[in-house]
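J.: Sequence below, structure please.
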Amino acid sequence: MIAVKYFGAIAEKTKSQGEEFSFSNMPLKDLLSILKYKYELDLLSFSIAINQKIMQDTSSYILKSNDIVALLPPFAGG
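T.: As a prediction, this is how the structure comes out:
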């Protein structure tokens, strides 16, 4: 099971705080493609965290069972 959590504008767009998917060993980029198509997320800017760690390179990560993926809005500094 993979948990996906949505925050900020992404939560507003999906009308959800998150959802779960019953798969593992899937490339992160494939999950992102599914979510972008399902929710039309292409126009939104967001960062991706897996298990509370911001991912810089999402192209090669393979999701494992019990991973938690978070789609985070841009952060404002101050």
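J.: number of nearby residues for the residue nearest to Asp42 when sequence neighbours are not counted?
T.: Closest residue in space to Asp42, ignoring its immediate chain neighbours: Lys36 at 5.6 Å, by Cβ to Cβ, 6 or more residues apart in numbering. Using the backbone N, CA and C atoms, a C-beta is placed for each residue, glycine as well. Lys36 has 13 neighbours, counted by other Cβ atoms under 10 Å.
J.: Which of the three states applies to Lys36?
T.: Secondary structure of Lys36, reduced to three states by DSSP: H, G, I helix; E, B strand; the rest coil: helix.
J.: Next one, pLDDT for it please.
T.: What the model reports for Lys36 is a pLDDT of 94.
J.: for Ser24, same thing?
T.: Note for Ser24: predicted pLDDT of 78.
J.: Next up, the contacts around the closest residue to it other than its chain neighbours.
T.: What sits nearest to Ser24 in space, not counting adjacent residues and going by Cβ to Cβ, 6+ apart, is Ser65, at 4.0 Å. By Cβ atoms under 8 Å, 6 or more residues apart in numbering, the contact set of Ser65 is 1-2, 24.
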